[in-house]
Each structure stands twice: as structure tokens, then as C-alpha cells.
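Trainee: next comes the sequence, and after it the predicted model I'd like to discuss.
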There are 2 protein chains.
Amino acid sequence: MPNTYEVGKKLVELCKAGKHLDAINTLYGPNIVSLEAMSSPAMPARIEGIKAVREKGEWWEKNHEIHGGDVQGPWPHGDRFIVRFTYDVTAKSGPMAGKRMKLDESALYTVKEGKVVQEEFFYHMG
Amino acid sequence: MPNTYEVGKKLVELCKAGKHLDAINTLYGPNIVSLEAMSSPAMPARIEGIKAVREKGEWWEKNHEIHGGDVQGPWPHGDRFIVRFTYDVTAKSGPMAGKRMKLDESALYTVKEGKVVQEEFFYHMG
């Protein structure tokens, strides 16, 4: 079973390659909990379960044009690790449609028995 | 009472200016818990109380020559925020004495009633 740091390294490697959905499909547990710092009509603060998290990832990919970005880390501590994401994107729908934005966030992941069981996104808006 | 993001911004501002001890003295609660990803004889994984945390900060400053560094963030989520630290230092004592090292870590802070009540350091060694 991979340890926390190994899961983190694999997640960073896949996200760097733009393969976020592969990361979800291969590294996440079935009861994954996903928590956002803020909520919106399109994205509630808390979702649960691999199906909902996969749909959230698909929604995000479909609704953003990604011009570039970077993924840094992981930084581990016990059964958790932190990853930093920066993205240069243009939203394709919603209130920010057509707007090019720099996204800068950190995420805190919790690993149990070799699988990611929780992801929490940290960022400031405004 | 400052909110989580305001506490985080102040902490980053003070740390960027090299004023780590000022950050401890002004932003930390009396029962602060400090958790390291790894422990060493000089630095146990868990310490508690403002006195012990201040002494840890003083020990760190006294035992490292700081050549440069950067502090990024904060990224907030609810009552917590993440900060990233990179330092270029030379240890002055211990097994790494005389060795110039790049330190790269993220820290997760928890805020209650306007004060930092927990700091957790995330990093990988080796």
C-alpha cells in the first residue's frame, strides 16, 4: 500500500500532466469528501462520493480554458499532505464567463489505507 | 476581532520581514499547539504553550544562519489558513551544522477567537 508521501507524489505528477481525472480515478477512495473554502450555485462547499467528485472535476475541465499553470509539492505530515496549484484560466460559463483569471490555491489531502479520503481547498476570493 | 484571513495576512507580513518572534508574541494564543512532521532530539514533534513555542522560535533563530527565503500565502479555508515557507539556511548546531540547506515547507494554522491556536508544519525530509 503506498504511503501518504507516495500518494502525494503521484497526485502531483498526474496533475502536472493535466490528468486530474486520472488522479481522481486512481488515487481517491469511494467515499471521498471534497470541501471548498467558498461555495457557489455551481459548486457546493461540500460534496461526497467518488461519482460527485468525478463530476465536479469534469465540470471544472469543461467550464475552464486552461492557458497554463503549475502544481507544487507535496508537503506531507502524518496522514495528510499539502499541494499548491496555480492556474491561468478563462471561465467558459457562469458569472465569470470570458474572464481570464489567475487561480492560486493550496489543497490539504487526507490519506487512509493508501487512498485519498478528503480534499480541502484553501484560497481567498476578492 | 480579526478574522482568519486577517490573522494570516499579518502572520505572512511579519514572517516576510523576518519577525517570526513578533508573530508568535502578537498573534498566538497562550495554549498554542505546535506540531512538526518529524521530530528530533532538539525539536519534539509536539509542543504546547506560548512559552515553549517562543523558545522553539528563539532556538531556531539562534541555530540557523538565514541567507534568504520567501513566505507565500495565506490561503484560508474556514478557521484555518496555509502558508508556504522557503528558506536558504546554514545550520549552526546539531547533525547538520555547517551545512547549507534549502528548506521548503507548508504550514497549516488554526485560528480561534482571533488567535492562532495550532500550527502544523508539513515537509518531506530525505
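Mentor: Received it, and whenever you're ready, just let me know what you need.

Trainee: would you map the helices across chain A?
Mentor: A:4-16, A:20-27, A:50-63 (DSSP state H).

Trainee: so which of those is the most surrounded?
Mentor: For the helices of chain A, the largest average neighbour count (mean count of other Cβ atoms under 10 Å in any protein chain shown) is found in helix A:4-16, namely a mean of 19. To be clear about C-beta, it is placed using only N, CA and C from the backbone, and glycine gets the same treatment.

Trainee: tilt between that helix and helix A:20-27?
Mentor: 150 degrees (axes from the mean of the first three to the mean of the last three Cα atoms, to 10 degrees).

Trainee: what's the mean pLDDT across helix A:4-16?
Mentor: The average pLDDT within helix A:4-16 is 98.

Trainee: can you check stretch A:29-36 too?
Mentor: 97.

Trainee: so does it get close to chain B?
Mentor: Yes: Stretch A:29-36 lies within reach of chain B by Cβ under 8 Å from any Cβ of the partner chain, at A:Leu35.

Trainee: enumerate the residues of chain A near chain B.
Mentor: Proximity of chain A to chain B (Cβ under 8 Å from any Cβ) is limited to residues A:5, A:35, A:37, A:73-78, A:80-82, A:84, A:104-106, A:108, A:120-124.

Trainee: at 10 Å instead, please
Mentor: For chain A, the contact set with chain B under Cβ under 10 Å from any Cβ of the partner chain comprises A:4-5, A:8-9, A:35-38, A:45, A:72-78, A:80-85, A:104-108, A:120-126.

Trainee: which among these count as buried?
Mentor: By neighbour count, with 16 or more other Cβ atoms under 10 Å in any protein chain shown, those hold A:4-5, A:8-9, A:35-37, A:72-77, A:80-85, A:104-108, A:120-124 as buried.

Trainee: where in chain A is pLDDT low?
Mentor: A:42 (pLDDT under 70).

Trainee: rerun at 80
Mentor: A:40-43, A:126 (pLDDT under 80).

Trainee: re earlier: now the helices of chain A as CSV including distance to B:Lys99?
Mentor: Shown next, in CSV, are the helices of chain A (distance: least, Cβ to Cβ, whole Å):
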stretch, distance to B:Lys99
helix A:4-16, 23
helix A:20-27, 35
helix A:50-63, 42
